[in-house]
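[1] Need the 3D shape of this:
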Amino acid sequence: MKKKLLLILPTQYDREGLPVRRNKASVCLNLNLPLLAGYAKEKDWDVRIVNDYVEAADPTRLDADLVAVTTLIATTRRAYEIGDAFRRRGTKVVMGGFHATAMPEEVAPHCDALVMGESDEVWPQVLDDFLAGTLQERYVAERHPDLTQLARPRYDLIDQKLYKVEVYPIESSRGCPHRCDYCAVTQFHGGQHRLRPIGDVVRDAKATGSRYLAFVDDNISGNREHARELFTELCKLDVRWMAQSTMYLADDPELLDLAVKSGLRFCWIGVESIHPEALAEVHRNINQVAEFERRIREFQKRGVMVGANMMFGFDTETEEHYEETARFLERNKLIPFLYILTPIPGTKLYDRMHEQGRILTYDWNRYTSYETVFQPKNWSPEKQNELYFKLAQRMFNFQNNWRRTLPTMRWSNFKEDFAIRLAALIVGLNVGRAVRGRWPTTW
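    As a prediction, this is how the structure comes out:
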């Protein structure tokens with residue numbers, strides 16, 4: 001008889017201490033749970049994925065033999081609550097993810113088994129051990145997995161009725177060689193850019209059954225030859241897609257043209273700051289500030305919407321930096337993703353601030369990147385928050401929302417591009433709603 005496996009993405013808590021709920025989530029950008037589901041043998045397991053943002057992970061109504069909960073820092077409180085509740089009912093619980101890897105001693109009391117590191121190669125062992133009645137307390141990935149052997153994600157388990165826009169997550173690579181102090185990606189996925197076989201990526205794209213894809217790679221163009229081969233194959237699929245990339249893609253017009261031909265319509269770019277001294281502070285050595293605007297124009301003139309990740313709270317920051325950043329975002333008509341520098345456990349930034357005694361709270365529920373949780377150098381945390389929220393309110397007013405949308409629209413392809421552009425706008429606008437309303441989530 002098959003066992004029931006429940007894979008849960010926890011929600012966050014709002015400022016009133018209630019779980020955040022949405023009638024519909026913006027867009028499905030989480031790949032880890034469909035991928036884990038792909039490793040569960042269908043002869044042994046009935047699998048269900050629950051997004052706790054839109055359907056409560058309630059153990060009194062969800063039947064399971066084994067529950068797996070992923071942990072990100074701002075969702076850990078809810079993850080612990082879910083794990084504790086299922087365990088009280090006698091259900092075995094496994095936890096993994098970024099926070100479980102960075103803070104295993106904190107997470108372990110809330111689960112029966114803990115998975116540390118990338119789980120692709122140890123997760124099948126977890127499932128087999130459970131079936132054999134030999135579940136271990138801890139599973140540690142001793143190395144980064146071979147990306148040539150990944151399972152096909154179970155996209156059929158994603159209930160699209162729970163999402164506003166149909167966009168499916170997919171990956172072609174993992175890891176990043178740029179070891180920025182604030183980033184948990186390098187600590188979890190490693191400092192090398194690891195590549196998947198193009199045939200496997202195409203297989204997964206076809207398995208979605210959709211024309212709309214969101215690559216979850218940290219830098220889809222990190223390896224130019226791999227990207228060229230990928231884009232060439234995507235041209236054959238008639239898809240539209242979004243991804244993260246560095247601005248350096250703009251320095252290869254031929255490759256950028258191929259990306260657009262293959263369906264690129266929205267690109268997240270990690271600008272972080274337009275001030276070189278701030279970038280140097282966190283050892284982000286890949287940005288050439290003087291070239292930002294030229295490169296952005298290369299994307300936009302090809303009809304690609306550009307989202308800019310921007311970060312605030314650097315020690316070198318001044319009040320004038322906020323006004324300069326606002327003008328930069330408005331001038332270049334960027335979709336802004338605005339964050340406050342946050343010391344995530346496991347990062348160099350966390351270690352440094354912890355050592356300096358600058359961390360003000362270890363309430364992970366407040367580690368949303370929309371709130372200052374450390375002592376700034378130049379002013380109070382309250383002033384840091386006010387500067388940030390004032391900028392956010394300006395960036396997401398009605399005028400700016402339209403000014404950055406219209407320049408990249410191509411009305412001749414409006415119908416074909418609509419879903420991917422709408423997804424980009426919804427994600428960007430929800431960030432704006434979150435920071436303007438001081439909510440803890442972008443969902």
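[2] Give the residue spans of the stretch 51-200 of the chain that score low on pLDDT.
    The stretch 51-200 of the chain contains residues with pLDDT under 70 at 186, 188, 190-191.
[3] What backbone torsions are found at Y80?
    phi -70, psi -40 (degrees, to the nearest 10).
[4] For it, which residues are in contact?
    By Cβ atoms under 8 Å, 6 or more residues apart in numbering, Y80 lies in contact with V107, H110. C-beta here means a position set from N, CA and C on the backbone, and glycine is covered the same way.
[5] what about the strands in the stretch 1-150 of the chain?
    3-9, 25-27, 45-51, 66-70, 92-96, 113-116, 138-140 (DSSP state E, counting those that start in this stretch).
[6] Strand 3-9 and the fourth one, what's the angle between them?
    Put plainly, it is strand 66-70. 20 degrees (axes from the mean of the first three to the mean of the last three Cα atoms, to 10 degrees).
[7] Which parts of the stretch 301-443 of the chain are strands?
    Counting by DSSP E, counting those that start in this stretch, the strands of the stretch 301-443 of the chain are 305-312, 335-340.
[8] Can you tell me which helices and strands the last one packs against?
    So that's strand 335-340. With contacts taken as 3 or more Cβ pairs under 8 Å, 6 or more residues apart in numbering; DSSP states H and E, strand 335-340 sits against strand 305-312, helix 381-395, helix 414-437.
[9] buried stuff in the first one?
    Applying a neighbour-count criterion of 16 or more other Cβ atoms under 10 Å, the buried positions in strand 305-312 are M305, V306, G307, A308, M310, M311, F312.
[10] Stretch 368-382 too?
    Buried residues in stretch 368-382 (16+ other Cβ under 10 Å): T368, S369, Y370, E371, T372, V373, F374, P376, P381.
[11] and if you look at stretch 246-258?
    Going by neighbour count (16+ other Cβ under 10 Å), the buried part of stretch 246-258 is T246, M247, Y248, L249, A250, D252, L255, L256, L258.
[12] Can you measure across that stretch, start residue to end residue?
    Counting by Cα to Cα, to the nearest Å, you get 16 Å between the two ends of stretch 246-258.
[13] rewinding a little: which of the strands of the stretch 1-150 of the chain sits most buried?
    Most buried of the strands of the stretch 1-150 of the chain by mean neighbour count (mean count of other Cβ atoms under 10 Å) is strand 66-70; its value is a mean of 27.
[14] Tell me which strands that one pairs with, and in which orientation.
    strand 3-9 (parallel), strand 92-96 (parallel) (DSSP bridges).
[15] nearest to A25, of these?
    strand 3-9 (9.6 Å; Cβ to Cβ).
[16] who touches the closest one?
    Residues contacting strand 3-9 (Cβ under 8 Å, 6+ apart): 30, 33, 36-37, 40, 44-53, 57, 62-70, 75, 79, 82, 127, 130-131.
[17] Please tell me I have it right and F86 contacts V67.
    Yes: in this structure, F86 is within contact of V67 by Cβ atoms under 8 Å, at 4.9 Å.
[18] okay, and the common contacts of those two?
    By Cβ under 8 Å, 6+ apart, the residues touching both F86 and V67 are V93.
[19] circling back to that earlier point, mean pLDDT and distance to G209 for the strands of the stretch 301-443 of the chain - can I get that in TSV?
    Shown next, in TSV, are the strands of the stretch 301-443 of the chain (pLDDT from 0 to 100; distance: least, Cβ to Cβ, whole Å):
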stretch	mean pLDDT	distance to G209
strand 305-312	92	25
strand 335-340	90	28
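[20] Next, format the ones you listed as TSV and append distance to R358.
    Formatted as TSV, the strands of the stretch 301-443 of the chain follow (distance: least, Cβ to Cβ, whole Å):
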stretch	distance to R358
strand 305-312	16
strand 335-340	14
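[21] Nearest to H178 among the strands of the stretch 1-150 of the chain would be which one?
    strand 113-116 (23.6 Å).
[22] From the chain's centroid, how far away is the closest one?
    Remark: strand 113-116 is offset 21 Å from the chain centroid, using Cα atoms, centre = their mean, to the nearest Å.
[23] Same question for stretch 107-124.
    20 Å.
[24] That stretch: end-to-end distance?
    End-to-end distance of stretch 107-124 (Cα to Cα): 21 Å.
[25] same question, stretch 264-281
    Start-to-end, stretch 264-281 (Cα to Cα) is 32 Å.
[26] Just give me how far it sits from the chain centre.
    For stretch 264-281, the distance to the chain centre is 16 Å (Cα atoms, centre = their mean).
[27] What mean pLDDT does it get?
    Regarding stretch 264-281, the rounded mean pLDDT is 87.
[28] Can you give me the buried ones in that stretch?
    Neighbour-count burial for stretch 264-281, counted by 16+ other Cβ under 10 Å, picks out 264-275, 278-279, 281.
[29] Take the residues you listed and keep only those in strands.
    L264, R265, F266, C267, W268, I269, G270, V271, E272 (DSSP state E).
[30] Provide a list of residues in contact with E272.
    A278, L279, V282, R284, N287, N309, M310, M311.
[31] quick one: the second one and V271 touch, right?
    So the one you mean is L279. No: at 9.4 Å, L279 and V271 do not qualify as touching, with contact defined as Cβ under 8 Å.
[32] what's the least confident stretch among the helices and strands packed on strand 335-340?
    helix 414-437 (a mean of 60).
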